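A.B. asks: Make a model of this:
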Amino acid sequence: MPSILIVGANRGLGAALAKLYAARGWTVYGTTRSHEKPDGFPDDVHWITSTDLMRSDVGTALATHLKSLSTGPLDLVIISAGVFSTEDFEEGPKWDDEVRMYTTSSIAPVFIVQQLAKGSLLQKGSKVVLISSEAGSIALRTGAEENYAHHASKAALNMVGKLLSYDLKGDGIIVSLVHPGFMRTEMTRGVGFDKYWDKFHAVTPEEAAKSLMAWAEELDMSKSGQFWAPRGGKDIGTAEEVLGKDLATPLELPW
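C.D. replies: Here you go, the predicted structure:
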């Protein structure tokens, strides 16, 4: 039975993925920052509680816990945890919010993946999918969008994934950077982006999860270290401006 670790499985895309993979018969390990496991999930989702990506020992703690469960190597790891706080130039950036966004998006994943690999929880053929965003593409930024840490932390995650792909290539471990799609979640609603849902074809987390599962099934070493949008560019406002018309699906995104 294949196994998956979903970091940030209690809400949004992570929750949809946990339910989808459980329904497909996978062994699902999901993390949550809460001390209690969340309600509304299949009973066979194995919860790893108190997983806080702001802690410097998050990678060690997670690998140690998984090894104590005798899970064996994981077939797939998806790091979906994220945080989004808005910023603008006039009011100024927010130090604590920026630290939280950078740490969650692009610092913690390095420690998690490194500890999973060193703990033999990743093996040849294992796949690591890092949930990024088209917001992290410098080439797709064609005007002032502010929200500095949101964009820059995703750009940093893209670099992290690229470097990890080189480090893990010799072990046959695949690393993928993915823009899963603009989603109708409490996170995007919470920052006022629900006003763009219809204009930019936002999808539910369940729809995005299905696309991501299909992407992961076809993922191989030829795409390791690359940045892709499995759902194409229709939810990316500057895609046609930068990349032209008649874009493919899936769509490789520029750095």
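A.B. asks: How about the secondary structure of Ser50?
C.D. replies: When classified by DSSP: H, G, I helix; E, B strand; the rest coil, Ser50 comes out as coil.
A.B. asks: OK, contacts around Gly181?
C.D. replies: Contacts for Gly181 (C-beta atoms under 8 Å, 6 or more residues apart in numbering) come out as 202-203, 207-208, 211, 229-231, 235. Where C-beta positions appear, they are placed from N, C-alpha and C, glycine not excepted.
A.B. asks: Ala149 is in contact with Pro93, correct?
C.D. replies: Yes - between Pro93 and Ala149 there is a contact under C-beta atoms under 8 Å: 7.1 Å.
A.B. asks: So for these two, which residue has more residues nearby?
C.D. replies: Using other C-beta atoms under 10 Å, the more surrounded residue of Pro93 and Ala149 is Ala149, with 24 against 14.
A.B. asks: Show the pLDDT at the more buried one.
C.D. replies: pLDDT for Ala149: 96.
A.B. asks: Is it in a helix, a strand, or coil?
C.D. replies: helix.
A.B. asks: hang on, it packs against Met101?
C.D. replies: Yes - under the criterion of C-beta under 8 Å, Ala149 makes contact with Met101 at 4.1 Å.
A.B. asks: Overlap of the contact sets of the two?
C.D. replies: Ser85.
A.B. asks: remind me which residues of the chain are low pLDDT?
C.D. replies: 190, 192-193, 195-196, 200 (pLDDT under 70).
A.B. asks: all helices for it, in order.
C.D. replies: Under the criterion DSSP state H, helices of the chain are mapped to 12-23, 58-68, 95-102, 108-118, 148-169, 186-190, 205-218, 239-243.
A.B. asks: Ok, which of those comes nearest Thr142?
C.D. replies: Among those, helix 239-243 comes nearest to Thr142, with 6.0 Å by C-beta to C-beta.
A.B. asks: contacts for that closest one?
C.D. replies: Residues contacting helix 239-243 (C-beta under 8 Å, 6+ apart): 134, 139-140, 142, 233, 247, 251, 254.
A.B. asks: And for stretch 115-122?
C.D. replies: 5, 59-60, 62-64, 66-67, 71, 73-74, 77, 113, 128, 168, 171, 173.
A.B. asks: Please apply the same query to stretch 131-151.
C.D. replies: 13, 78-80, 82, 84-89, 93, 97-98, 101-102, 152-158, 161, 177-180, 227, 229, 236, 238-239, 241-242, 253-255.
A.B. asks: if you set the cut-off to 6 Å instead, what comes out?
C.D. replies: Residues from elsewhere that reach stretch 131-151, judged by C-beta atoms under 6 Å, 6 or more residues apart in numbering: 80, 84, 86-88, 93, 98, 101, 154-155, 157-158, 177-180, 236, 238, 242, 253-254.
A.B. asks: Fine, thanks again, bye for now.
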